[in-house]
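Asker: this is a predicted model, with the sequence first.
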Amino acid sequence: GADFFGCLPPAAETAAEAAKARGEFFMFWNLQRSHGTAALMCVSSGAFAEGTWRHLSYKRVVDSSLAVLGRTFGPQVRQLFRKSVVTD
């Protein structure tokens with residue numbers, strides 16, 4: 001399997017929406033090979049990290065990252081999800 005993969009944001013209606021979402025959980029790392037357990041780590045950056053991410057609740061961060069994975073891999077993402085850690 002891949003050690004990392006990226007996810008594109010959904011199509012934005014305006015340039016402002018696109019700028020706000022830029023950097024929203026855009027890169028995921030598969031930690032299976034390096035840590036020996038099924039785990040993903042994701043990264044946020046840019047305008048999303050500075051202006052939005054830090055103001056979200058723990059649950060909202062997890063739900064938002066799962067939504068990004070769901071857009072790419074389908075609804076089974078939520079069924080496979082077990083545990084989360086959110087850090088800054």
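Answerer: Yes, it's here.
Asker: output the helix or strand of the chain with the lowest mean pLDDT as PDB, nothing but the C-alphas.
Answerer: Among the helices and strands of the chain, helix 46-51 carries the lowest confidence by mean pLDDT, DSSP states H and E, at a mean of 80. Output of helix 46-51 as PDB, limited to C-alpha atoms (Å, rounded to 0.1, in the frame of the first residue of the first chain):
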ATOM      1  CA  GLY A  46      -2.400  27.300   5.400                       C
ATOM      2  CA  ALA A  47      -5.600  29.400   5.800                       C
ATOM      3  CA  PHE A  48      -7.600  26.400   7.100                       C
ATOM      4  CA  ALA A  49      -5.100  25.600   9.900                       C
ATOM      5  CA  GLU A  50      -4.700  29.200  10.900                       C
ATOM      6  CA  GLY A  51      -8.200  30.500  10.600                       C
END
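Asker: and that helix, how far out from the chain middle?
Answerer: Between the mean C-alpha location of helix 46-51 and the chain-wide mean there is a distance of 13 Å, by Cα atoms, centre = their mean, to the nearest Å.
Asker: check stretch 7-17 too.
Answerer: For stretch 7-17 - counting by Cα atoms, centre = their mean - the centre lies 15 Å from the chain centre.
Asker: contact partners of that stretch?
Answerer: With Cβ atoms under 8 Å, 6 or more residues apart in numbering as the test, stretch 7-17 has contacts from Ala18, Ala21, Arg22, Glu24, Phe25, Phe26, Met27, Phe28, Val68, Leu69, Arg71, Thr72. Yep, even glycine has a C-beta here, placed from its N, CA and C like the rest.
Asker: sitting in strands, which of these do you find?
Answerer: Those of the contacts of stretch 7-17 mapping onto strands are Met27, Phe28, per DSSP state E.
Asker: make a ChimeraX selection of whichever of the contacts of stretch 7-17 turn out to be buried.
Answerer: The following ChimeraX line selects those of the contacts of stretch 7-17 that are buried, judged by 16 or more other Cβ atoms under 10 Å:
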select :21,22,24,25,26,28,68,69
